[in-house]
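Participant: here's a sequence, model it:
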Amino acid sequence: MGVFDSFKELVTQKPVGLKKPDFYKADSDAKKQLERLQQLYATAPDRVKPQIERDMRLLAYGIAGEENVAFELNNSYLPIIVLHNLRLEHEGLSVQIDYLIITTKICLVIECKNLFGNLEVNSRGEFIRELDFNGKRKKEGIYSPITQNTRHMEMIKKIGSANQKNFVSRTTFEKYFEKSYQSVIVLANPKTVINVKNATKAIKDQIIRSDQLIAHIKNRIRESKDLAWSEKEMYQIADFFMSLHKENTVDYAKKYFQEDNTEQAEETPQAELAVEETPLYQELKRYRHETSKVEGVKPYHIYSNAQLDALVAGMPRNLDELRKISGFGEVKCEKYGPAIIVLVQRYRAGSTK
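Facilitator: Just a heads-up that it's a prediction; the model follows:
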């Protein structure tokens with residue numbers, strides 16, 4: 001970069017070359033895991049197939065949530081650098097960061113949650129989910145994503161501090177860490193209703209919906225009083241974290257063939273709610289059943305359970321997106337596609353009709 005470009009960046013507070021989001025790290029460990037499980041499922045013995053099917057559903061739903069965030073970022077036209085699925089290790093501990101977004105002034109550490117049901121955060125910072133099962137309301141506590149992302153932030157702070165060259169730079173990094181790195185919890189399910197009226201301001205400021213993400217980023221940048229980083233400095237930050245990223249070397253297939261699977265329970269993907277219990281899943285299943293009766297065929301001829309899971313995970317907006325789901329060719333899309341899209345759109349809009 002020449003002197004003129006550096007001067008221009010200083011005056012405009014904007015990068016010269018970076019005009020839109022750069023997904024500097026776009027790959028996903030979850031997608032690799034899902035592909036591995038799909039391969040494993042084809043040859044797995046019947047006794048382990050139900051467990052593999054459940055894990056694939058949970059992974060697919062988590063991936064769908066992260067892709068909702070990626071969609072928002074891709075369409076933001078902001079000069080940002082995005083690191084997706086960043087895995088860091090330090091002193092025997094590891095964390096998996098959904099998104100690290102490097103803006104012109106701050107870094108946002110994003111934890112993405114694809115939750116079912118409505119969400120309330122009380123004055124004690126407890127997360128309570130309310131679900132509707134056949135007209136009955138059920139409340140249950142869930143693990144705080146704020147606490148989860150706080151661990152991510154602490155790991156970044158420790159790693160950043162440990163990599164400073166001297167006492168002065170280390171002290172400066174730690175002093176300004178809270179200004180430079182900020183936590184954001186993104187709720188990716190468009191139907192989730194969030195009630196944070198009793199939550200503290202510190203918690204309220206961290207929780208947003210995916211459709212609020214871009215406005216949130218712009219507000220955080222605008223509120224910062226610091227000078228903007230240069231494009232070179234932004235990529236230096238990105239390269240620093242890329243150099244620390246550790247690939248996940250876990251053998252995902254191993255646990256299914258352990259003699260005692262209970263010892264492996266913690267490695268199983270955890271769901272916020274079983275996919276088959278979601279309203280969209282039930283609606284699509286009901287449509288499949290009714291259509292199969294009309295046509296006089298088995299339900300799986302309309303679409304299989306695996307395809308049903310993929311519909312819930314992907315929530316296609318139109319026929320083009322539906323065609324990208326395995327098993328939905330031109331014939332199925334033409335025959336069943338319009339009805340499927342209507343059901344998905346109702347779910348996205350929060351309709352229960």
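Participant: nearest residue to the residue nearest the centre of the chain other than its sequence neighbours?
Facilitator: With distances taken as Cα atoms, centre = their mean, Glu66 lies nearest the centre of the chain, 2.8 Å away. Excluding the flanking residues, the one nearest Glu66 by Cβ to Cβ, 6 or more residues apart in numbering is Cys112, at 5.2 Å. In short, each C-beta sits where N, CA and C put it, glycine included.
Participant: who touches the one you found in this structure?
Facilitator: By Cβ atoms under 8 Å, 6 or more residues apart in numbering, the residues touching Cys112 are Gly65, Glu66, Asn68, Val69, Asp98, Tyr99, Val186, Ala188, Ser210.
Participant: go with 7 Å
Facilitator: Cys112 is in contact with Gly65, Glu66, Val69, Asp98, Tyr99, Val186, Ala188, counting by Cβ atoms under 7 Å, 6 or more residues apart in numbering.
Participant: which parts of this structure are helices?
Facilitator: 3-12, 29-43, 49-74, 145-162, 167-175, 177-180, 201-204, 213-223, 231-244, 279-295, 299-302, 305-314, 319-323, 330-349 (DSSP state H).
Participant: give the other helices and strands that the last one contacts.
Facilitator: Put plainly, it is helix 330-349. Here helix 330-349 touches helix 279-295, helix 319-323, going by 3 or more Cβ pairs under 7 Å, 6 or more residues apart in numbering; DSSP states H and E.
Participant: please apply the same query to the second one.
Facilitator: With contacts defined as 3+ Cβ pairs under 7 Å, 6+ apart, helix 29-43 has these neighbours: helix 49-74.
Participant: if we can go back for a sec, got CSV for the helices of the chain, with mean pLDDT too?
Facilitator: Shown next, in CSV, are the helices of the chain (pLDDT from 0 to 100):
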stretch, mean pLDDT
helix 3-12, 52
helix 29-43, 85
helix 49-74, 86
helix 145-162, 94
helix 167-175, 93
helix 177-180, 94
helix 201-204, 94
helix 213-223, 96
helix 231-244, 95
helix 279-295, 87
helix 299-302, 89
helix 305-314, 81
helix 319-323, 88
helix 330-349, 85
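Participant: out of the ones you listed, nearest to Pro21?
Facilitator: Nearest to Pro21 among those is helix 49-74 (5.2 Å), distances taken as Cβ to Cβ.
Participant: appreciated, that's everything.
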